[in-house]
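Colleague: The sequence isn't on hand, but the structure is:
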């Protein structure tokens with residue numbers, strides 16, 4: 001493995017998700033592997049796809065002895081799924097959310113308020 005640069009956490013998931021989103025429909029892991037290039041092992045692609053499936057970011061349909069995969073989340077959706085998983089793993093959700101909100105800039109806080117207001121309006125319709 002010497003000479004192969006180490007990727008940041010989640011980088012491969014993002015690349016795989018981008019490849020799936022560029023596809024015209026459901027594709028095989030081999031197709032994803034081919035699009036990513038760079039000598040990525042087939043088993044690595046399968047592992048990433050399986051993790052994305054567990055997170056709800058992709059769906060899979062049986063195709064013979066294998067699966068065909070389809071993206072259901074974009075990069076922002078994948079980040080949101082990660083954030084949700086972190087929040088779900090905490091016992092004091094209120095404290096985590098409070099710390100998160102106090103770390104936001106004024107513009108980010110305004111955006112969150114606007115999004116919450118919009119979500120509230122959508123629920124009323």
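Modeller: Thanks, I have it. Every value quoted in this text rests on a predicted model; they were computed, and no experiment measured them.
Colleague: and the helix or strand in which residue 61 is found, what's its mean pLDDT?
Modeller: Residue 61 belongs to strand 58-63 when assigned by DSSP states H and E. If you average the pLDDT over strand 58-63, you get 96.
Colleague: now swap in stretch 94-109 and tell me
Modeller: For stretch 94-109, mean pLDDT is 93.
Colleague: Now tell me what touches the strand holding residue 61 from outside.
Modeller: The contact list for strand 58-63 (C-beta atoms under 8 Å, 6 or more residues apart in numbering) reads 17, 20, 26, 28, 49, 52-53, 67-73. For every residue, glycine as well, the C-beta is placed using N, CA and C.
Colleague: Beyond that strand, next helix or strand please.
Modeller: Past strand 58-63, the next helix or strand by DSSP H and E is strand 66-71.
Colleague: Against residue 83, how distant is residue 104?
Modeller: Per C-beta to C-beta, to the nearest Å, residue 104 is found 13 Å from residue 83.
Colleague: Buried ones among the contacts of strand 58-63?
Modeller: Among the contacts of strand 58-63, those buried by neighbour count (16 or more other C-beta atoms under 10 Å) are 17, 20, 26, 28, 49, 52, 67, 68, 69, 71, 73.
Colleague: What about residue 57? Give its phi and psi, please.
Modeller: Backbone torsions for residue 57, taken as degrees, to the nearest 10, come to phi -90, psi -20.
Colleague: Residue 27 too?
Modeller: According to degrees, to the nearest 10, residue 27 has phi -130, psi 160.
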